[in-house]
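Q: pasted the sequence and its predicted model underneath.
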Amino acid sequence: MKIKTAPRVDIRQYLLITLSFILGTFFAAGIDAAETQDQPNVAVSASVQIADVQAGSGQARLVITANVADGLHIYAQSQPKPFLATKISIAKDDRYQILGDFRPVRDPILIQHSALQVELREFEGEISWEAPLQIAAGVDLATLEVTGEVFAQACEEERCFAPETYRFTANVYDIASFGSQTSEQSKSTVAETAPAETSAFSLDRIQVTEETKSSSSIWAILPLAFVAGFVLNFMPCVLPVVGLKVLSFVQQANNDRRRIFMLNLFYALGIISVLLILATLAVFAGLGWGEQFSSVAFTVVLASVVFAFALSFLGVWEIQLPGFVNSIQDGSQSQEGLGGAFSKGVLSTVLATPCSGPFLGSALAWAVIQPAHLTFLVFGTVGLGMASPFLAIGFFPKLVNWLPKPGAWMKSFKQLMGFVLIATVVFLLSFIKIPALVPSIALMSAIGLACWWYGQHDFAQTGAAWKRLASSVAIVAVAGWLSFGILYEVSTERFERAATRYVTAQGGEVTPASHIAQAEDEIPWQPYSKERLESAIASGKTVFVDFTADWCLTCKSNEAVAINQPEVAELIRRNDIVAFRADKTEPAPEVDELLKQLGNNSASIPFYAVFPEGNPAKPITLDGIFSSPDAFITALESNGSSG
């Protein structure tokens, strides 16, 4: 099946217009539904088809058929919002049990909505779904009835009717002579609902060579984990905190050997403590590397903390954590404290989690399927690798002498790092939900006011300092309540109205994907879903899947340097390869499930998979950092054309 899509648009831009769109649909559909009651838009029937009958029990199939009126369509079960997906529900009964999901006997028609950038998945005419049915022993099949409902919305090209619930009852007649039934009604129903033969492909057939899972020992994984942690120090995510350590190293030049060792030890402990917390989340909550950034609350809190640090670097206030941000005036500075060193280690590790490096995915994928003590050991080793450069300076203090001597340049460098942290805040806010942007900016403004207010007091007056601290905390608390209470609701409503105005201005037109123009040097990405992936593979296509997220800097680096390149796009178009983008910006259980089926048990990204047309059950996987398109071109070319 050849599918084309429009250039990728952030999915968050339309999720929040669901309510207004559906309400508008109801208003437009109310009169039409009343006018057509004598000719239903959708007629639903069902039957139970016996596959094996032994001693009054056996396996069966429940087949449900919907006949859609001419000129209308209904949506598939996998239809994304704001359009209403078809839903099938079965009444509970001790006499039978549904053993699996209802699957359509043919693929839906795929159309791209030009205004909302939503893929429409439509069924026209007659469509059947089937699911395996287990019938309990001793049930009288002649009297068996399976009841349920189909919830569907019928639409035509320019409008939709009110959604309806269609009830059905499925019967089995004349079991002894099934296939030559005496009931003409049952015979015709079974004939009409007999599913078409398809060459379906299931992801359950994937065979992944998991060397790290089956053959690697802890002694082979620990060196990989150590190197992966060491490389994290050179990832762009850690850049803001590297500046802090440069300043602290310069200051350490005047300290004795023991103090230098303790400062770097506490910095290392800060790093390792975060890795152990991540190990706990992986063991008990199944949370993958960097997935905490899919939470708006976590991202806003972290952005607020980084913004407060940035204001401290710029001189708005001084953090009273001993030695975290040192007073630097005309080259003089105060000593770094152990608490400050520990906190710097914590912050650098948290900021490192949107990045991934070589060997990290392999080490974590092995670790998360091991007993808990091995998982903690591997994560701790990653932390030890990340802390190793600083521990080396702790053991060999003379290395500090390679850095510039303390002086007035440190004040300018500190302020420069303040602007780097503000850039980090911009990055963190770039992938949160759009209605949360204005409330987040309002909260940052209040944090700036609180930091300034706190920075005005005289630290020599202890009582005044505590009062100023309490009032600063109150400013932030009230601002947080107003920003993500009242202002968030206002922002959401305004966004919905703006989106509705845009849709209205565009006329709500629906354009087939094949009619949407794209530049020849652009990859025709499609949003991932399990059904679409299986359908593309079953149709004989080579499939390429890019697992990514807006918060993953390494993913974006790979995409810019190695994937979204003219030669890759030309290869994909020439060979008619289907390219899916599996997005983890927000929690995506379906994407995590595929990652684990591909052997990536930690669900860490970046990660890539190529399903060859000739042997899709043995996909080729890639991960890590790429500096050129060569690896992707080799993987795609080695599998030939999908034509």
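A: Nice, I can see it.

Q: any idea how the protein splits into domains?
A: Listed by automatic domain parsing, the domain ranges of the chain are 12-198, 211-430, 433-508, 515-637.

Q: which one of the ones you listed lies closest to residue 205?
A: domain 515-637 (4.7 Å; CB to CB). Every C-beta, even on glycine, is put in place using the N, C-alpha and C of the backbone.

Q: now do the same contact list for residue 415.
A: 313, 314, 315 (CB atoms under 8 Å, 6 or more residues apart in numbering).

Q: just the element for it, please.
A: helix 409-429 (DSSP states H and E).

Q: show me what secondary structure element comes after that helix.
A: Sequence-wise, the next helix or strand downstream of helix 409-429 (DSSP H and E) is helix 437-454.

Q: for that next one, give the mean pLDDT please.
A: Here helix 437-454 scores 91 as its mean pLDDT.

Q: which strands or helices does it pack on?
A: For helix 437-454, the packing partners by 3 or more CB pairs under 8 Å, 6 or more residues apart in numbering; DSSP states H and E come out as helix 296-313, helix 409-429, helix 462-482, helix 488-505.

Q: weed out the non-buried ones from the contacts of residue 415.
A: 313, 314, 315 (16 or more other CB atoms under 10 Å).

Q: want to throw these into TSV with distance to residue 130 and pLDDT?
A: Formatted as TSV, the buried ones among the contacts of residue 415 follow (distance: CB to CB, whole Å; pLDDT from 0 to 100):
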residue	distance to residue 130	pLDDT
313	63	81
314	65	87
315	69	84
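
Q: closest one to residue 378 out of those residues, please.
A: residue 313 (34.5 Å).

Q: pull up the gap between the closest one and residue 271, please.
A: Noted for residue 313: a distance of 21 Å to residue 271, by CB to CB, to the nearest Å.

Q: got the CA positions of the helix holding residue 415 in CSV?
A: Output of helix 409-429 as CSV, limited to C-alpha atoms (Å, rounded to 0.1, in the frame of the first residue of the first chain):
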residue,chain,number,x,y,z
TRP,A,409,37.7,36.3,33.8
MET,A,410,35.8,34.0,36.1
LYS,A,411,33.0,36.6,36.7
SER,A,412,32.4,37.0,33.0
PHE,A,413,32.5,33.2,32.5
LYS,A,414,30.0,32.7,35.3
GLN,A,415,27.6,35.2,33.6
LEU,A,416,28.1,33.5,30.3
MET,A,417,27.0,30.3,31.9
GLY,A,418,23.9,32.0,33.1
PHE,A,419,22.9,32.7,29.5
VAL,A,420,23.7,29.1,28.6
LEU,A,421,21.3,27.9,31.4
ILE,A,422,18.6,30.3,30.0
ALA,A,423,19.1,28.6,26.6
THR,A,424,18.6,25.3,28.4
VAL,A,425,15.3,26.6,29.8
VAL,A,426,14.2,27.4,26.3
PHE,A,427,15.0,23.9,25.2
LEU,A,428,13.1,22.3,28.0
LEU,A,429,10.0,24.4,27.3
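
Q: output the contacting helices and strands for the lengthiest helix in the chain.
A: Counting residues, the longest helix found in the chain (DSSP state H) is helix 257-285. Helices and strands touching helix 257-285, by 3+ CB pairs under 8 Å, 6+ apart, are helix 239-252, helix 338-352, helix 360-367, helix 372-395.

Q: at 7 Å instead, please
A: helix 239-252, helix 338-352, helix 372-395 (3 or more CB pairs under 7 Å, 6 or more residues apart in numbering; DSSP states H and E).

Q: dump those helices into TSV; add mean neighbour count and distance to residue 172 as well.
A: Putting those into TSV (neighbours: other CB atoms under 10 Å; distance: least, CB to CB, whole Å) gives the following:
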stretch	mean neighbour count	distance to residue 172
helix 239-252	21	68
helix 338-352	22	60
helix 372-395	20	50
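
Q: residue 573 - how many residues pack around it?
A: 17 (other CB atoms under 10 Å).

Q: pLDDT weak spots in the stretch 401-550 of the chain?
A: 401, 403-407, 457-465, 500, 502-520 (pLDDT under 70).

Q: go again using 80 as the cut-off
A: 401-411, 413-414, 456-466, 468, 496-521 (pLDDT under 80).

Q: likewise for the stretch 51-200 of the chain?
A: 51-59, 81-83, 112-118, 138, 140-143, 157-163, 171-200.

Q: again, only using 90
A: 51-63, 69-71, 78-85, 89-103, 105-107, 109-120, 125, 130-147, 151-200 (pLDDT under 90).

Q: can you show me the helices along it?
A: For the stretch 51-200 of the chain, the helices defined by DSSP state H, counting those that start in this stretch occupy 184-193.

Q: give me every residue that touches residue 442.
A: The contact partners of residue 442, taken as CB atoms under 7 Å, 6 or more residues apart in numbering, are 479, 483, 487.

Q: dump those residues to a markdown table, plus neighbour count and distance to residue 545.
A: Output for the contacts of residue 442, formatted as a markdown table (neighbours: other CB atoms under 10 Å; distance: CB to CB, whole Å):
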| residue | neighbour count | distance to residue 545 |
| --- | --- | --- |
| 479 | 20 | 42 |
| 483 | 22 | 38 |
| 487 | 20 | 38 |
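
Q: ok, those vs residue 439, which is closest?
A: Here the nearest of the contacts of residue 442 to residue 439, counting by CB to CB, is residue 483; it sits at 3.9 Å.

Q: got the contact list for that closest one?
A: Residue 483 makes contact with 439, 442, 443, according to CB under 7 Å, 6+ apart.

Q: ok, now residue 48?
A: Neighbouring residues of residue 48 by CB under 7 Å, 6+ apart: 60, 62, 133, 144, 146, 170, 171, 172.

Q: mind checking how far the third one is from residue 44?
A: For residue 133, the distance to residue 44 equals 17 Å [CB to CB].

Q: pick out whichever of the two has more residues nearby.
A: residue 133 (24 against 19).

Q: what bridges to the residue nearest to residue 102 when sequence neighbours are not counted?
A: Using CB to CB, 6 or more residues apart in numbering and skipping the chain neighbours, the partner closest in space to residue 102 is residue 129 (4.1 Å). Applying DSSP bridges to residue 129 gives these bridge partners: residue 64, residue 104.

Q: tell me the most buried of the helices and strands packed on helix 437-454?
A: helix 296-313 (a mean of 20; mean count of other CB atoms under 10 Å).

Q: what's that helix in contact with?
A: 292-293, 317-319, 325, 350, 414-415, 417-418, 421-422, 424-425, 428-429, 432-433, 436, 440, 443-444, 447-448, 451.

Q: cutoff 6 Å now
A: For helix 296-313, the external contacting residues (CB atoms under 6 Å, 6 or more residues apart in numbering) are 292-293, 319, 325, 414, 417-418, 421-422, 424-425, 428-429, 432-433, 436, 440, 444, 447, 451.
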